[in-house]
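Peer 1: How does the following fold in three dimensions:
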Amino acid sequence: MALKTIKGIDDQSWVEFKSIAAKSGMKMGKLFENMLEEYKKKSDESWDKILHSGKILTDIEAKEMEKITRKTREEYGFRK
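Peer 2: Numbering: from 1, shown residues only. Purely as a prediction, here's the structure:
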């Protein structure tokens, strides 16, 4: 079995990780896999919430903002 290390982990964090694995009754590798799965799941849920939420602006507010943006771009010579 090869020894693998993670850089930047202090001793206290490592002891706490080992303790959590022991309390959960699982090996550290399995705990690490579970933590990754949970992180991915929460990350996906966050992006789903952001990307599939309702409108922030009403259509009228969006048109007004577009007019202001277009005017500003024309005044200062930005690309369209």
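Peer 1: Could you find the closest non-adjacent residue to Leu31?
Peer 2: Sequence neighbours aside, Ala21 is the residue nearest to Leu31 in space, at 4.4 Å (criterion: C-beta to C-beta, 6 or more residues apart in numbering). The way it works is simple: take the backbone N, C-alpha and C, and place the C-beta from them, glycine included.
Peer 1: contacting residues around the one you found?
Peer 2: Going by C-beta atoms under 8 Å, 6 or more residues apart in numbering, Ala21 touches Lys27, Met28, Lys30, Leu31.
Peer 1: who wins for most neighbours among these?
Peer 2: Leu31 (18 neighbours; other C-beta atoms under 10 Å).
Peer 1: what mean pLDDT does stretch 43-59 have?
Peer 2: Mean per-residue pLDDT for stretch 43-59: 87.
Peer 1: chain center to that stretch: distance?
Peer 2: 14 Å (C-alpha atoms, centre = their mean, to the nearest Å).
Peer 1: Tell me which residues of that stretch come out buried.
Peer 2: For stretch 43-59, a neighbour-count test (16 or more other C-beta atoms under 10 Å) marks nothing as buried.
Peer 1: likewise stretch 2-11?
Peer 2: With the criterion 16+ other C-beta under 10 Å, stretch 2-11 contains no buried residue.
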